[in-house]
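Participant: Okay, here's the prediction I keep looking at, along with the sequence it came from:
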Amino acid sequence: MELGVFSYSYHLAFGKHEVFKPENPMDIFDFMDLMCNLNVDGVQIDIMHLESRDSDYLSKVGLYAKNKGLFIEYGSTGIEENHTLNELYVAHKLGAKLMRTFMGFNRYDGSSDAQYEVDKAINVIKDIIPTANELGIKIAIENHCDATVDEMVEIMQAINSETVGVCVDLGNFMIHQEKPIDSVRKLAPYIINTHFKDYTMEMMNWGFKSYGVPLGQGIIDLKGILEILKRSSNLNRIVLEIPVEKDINEDATLKKERAYVEESVRYARETLEIF
């Protein structure tokens, strides 16, 4: 089983979010070099970490990954008719055979209609399956703190295509108070991609906070989940996403982010035996 890393694991180093802007931001080529140094097998590239949608640039990124011996996947966002169709062509120009996306609605916003979003996702994805097939790209829909497990199953059953599956994010279940291992068990037949991570929880005066930690240092049953994925899904690779919060200053933040990923890759290889 191959091991990859999602570029969002270095979202602080990339500096694409207002919360943190390093003096010398990482770029996608730096990221791929770093992944080679960690001896992982491939990468998933977040939409925010591409500097351009220009065909020459996308081809350059894809060729760089190929020359480094890295598989490449594309991490898109949103499910909207024209946007998602166009994103398939971005994935194709990168040389990616899988594109992850997600609905992205906020179900805790009083104006949101979860069933409307689910129905829209079903219709949009159904319409672009012929193009995905023509380009040889699978579409992985992530549980992105929006849909519940049952809604994800509803989407998969309605689409009913080998071209479309689930990108399972182990931490995102917790926002709906869904147990990760039970959720993975339910979604396993549809899982074609992962954001494999570990989370812990901290009780606060106003409720609780869940946040990312290196693999093996949180409360998610990673070994149990991996066994389910090996037994009941068609996965041939595990992609890690290791989210980190900023620290007291830039140096501490970047060191922490890099250490979290390095520790997680080591745990994946040595303890979980992902090879």
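Facilitator: Structure received.

Participant: can I assume Ala121 is in contact with Ile155?
Facilitator: Yes. The pair Ala121 and Ile155 passes the contact test of Cβ atoms under 8 Å, sitting 5.8 Å apart. Where C-beta positions appear, they are placed from N, C-alpha and C, glycine not excepted.

Participant: can you give me the mean pLDDT across stretch 79-92?
Facilitator: Confidence over stretch 79-92, taken as the mean pLDDT, stands at 98.

Participant: Buried residues of that stretch, list them for me.
Facilitator: Ile79, Glu80, Thr84, Glu87, Leu88, Val90, Ala91, His92 (16 or more other Cβ atoms under 10 Å).

Participant: so who does Pro243 touch?
Facilitator: With contacts taken as Cβ atoms under 8 Å, 6 or more residues apart in numbering, Pro243 has the following neighbours: Tyr8, Ser9, His11, Gly171, Lys197, Tyr211, Gly212.

Participant: Please list the members of these that lie in helices.
Facilitator: Applying DSSP state H to the contacts of Pro243, the entries found in helices are His11.

Participant: could the contacts of Pro243 be laid out in TSV, adding neighbour count and distance to Leu63?
Facilitator: Shown next, in TSV, are those (neighbours: other Cβ atoms under 10 Å; distance: Cβ to Cβ, whole Å):
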residue	neighbour count	distance to Leu63
Tyr8	21	22
Ser9	29	23
His11	21	24
Gly171	23	33
Lys197	26	29
Tyr211	13	36
Gly212	20	32
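
Participant: Now flag whichever of the contacts of Pro243 is closest to Val43.
Facilitator: The closest of the contacts of Pro243 to Val43 turns out to be Ser9 (Cβ to Cβ; 9.8 Å).

Participant: how near is the closest residue to the closest one other than its chain neighbours to Pro22?
Facilitator: Distances taken as Cβ to Cβ, 6 or more residues apart in numbering place Ile242 nearest to Ser9, at 4.3 Å, with adjacent residues excluded. Between Ile242 and Pro22 the distance, using Cβ to Cβ, to the nearest Å, works out to 17 Å.

Participant: For these two, indicate the residue with more neighbours.
Facilitator: Of the pair Ile242 and Pro22, Ile242 is the one with more neighbours under other Cβ atoms under 10 Å, namely 25 against 15.

Participant: Strands of the stretch 151-275 of the chain, start to end?
Facilitator: Assigned by DSSP state E, counting those that start in this stretch, the stretch 151-275 of the chain shows strands spanning 164-169, 191-195, 198-204, 207-213, 237-240.

Participant: any chance of those in a markdown table, with distance to Cys145 and mean pLDDT too?
Facilitator: As requested, those are arranged in a markdown table below (distance: least, Cβ to Cβ, whole Å; pLDDT from 0 to 100):
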| stretch | distance to Cys145 | mean pLDDT |
| --- | --- | --- |
| strand 164-169 | 8 | 99 |
| strand 191-195 | 12 | 99 |
| strand 198-204 | 12 | 94 |
| strand 207-213 | 10 | 92 |
| strand 237-240 | 18 | 99 |
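
Participant: what bits of the stretch 51-200 of the chain have low per-residue confidence?
Facilitator: Filtered on pLDDT under 70, the stretch 51-200 of the chain yields no residues whatsoever.

Participant: List phi and psi for the residue located most distally from the centre of the chain.
Facilitator: Note on the chain: the largest C-alpha distance from the chain mean falls to Asn205, namely 30.6 Å (Cα atoms, centre = their mean). Note on Asn205: backbone dihedrals following degrees, to the nearest 10 are phi -60, psi -30.

Participant: Distance check, it against Gly212.
Facilitator: In this structure, Asn205 lies at 22 Å from Gly212, with Cβ to Cβ as the measure.

Participant: just Ile248 next, same as before
Facilitator: For Ile248 relative to Gly212 (Cβ to Cβ), the value is 18 Å.

Participant: Much appreciated, bye for now.
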